[in-house]
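Chemist: sequence first, then the predicted structure:
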Amino acid sequence: MIDTITEYQFRDEMVKHGFSYDGSTALFNYLEQLEDDCNIKIEFDPIAFRSEYVEYDNLKECLKEYDNLELESIDDLNEYTTVIEVDNSDKIIIQAF
């Protein structure tokens, strides 16, 4: 993915699909690191990313959606899924589960 699309292009497209600018940056950085760590190539597919990752304005909003799991903290949430914290914000992105 990184070879075929710039960070700017990624952000621009993901904002069109409902992510915030900062959230798009955090997701791009996460996916870039995942590619490096796992030695894989991720195809750029904004619709798939939108289905697989969900951005929340804050942890409380996310935990409310998963209240049946009785999660109380970001550490609890990390036990169920990938959590991407958005720099300089209360926003988080989780891998949908």
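Modeler: Looks like it came in fine.

Chemist: how about stretch 6-22: buried residues?
Modeler: The neighbour-count check on stretch 6-22 (16 or more other Cβ atoms under 10 Å) flags Phe10, Arg11, Met14, Phe19, Ser20 as buried. Where C-beta positions appear, they are placed from N, C-alpha and C, glycine not excepted.

Chemist: kindly check the end-to-end length of that stretch for me.
Modeler: Stretch 6-22 stretches 15 Å from its first residue to its last (Cα to Cα, to the nearest Å).

Chemist: which residues touch that stretch?
Modeler: Residues lying outside stretch 6-22 but in contact with it, judged by Cβ atoms under 8 Å, 6 or more residues apart in numbering, are 1, 5, 23-25, 27-28, 44, 46-47, 49-50, 55, 86-89, 91, 93.

Chemist: of the residues you listed, buried ones?
Modeler: With neighbours counted using 16+ other Cβ under 10 Å, the contacts of stretch 6-22 contain these buried positions: 1, 5, 23-25, 27-28, 44, 46, 49-50, 55, 86, 91, 93.
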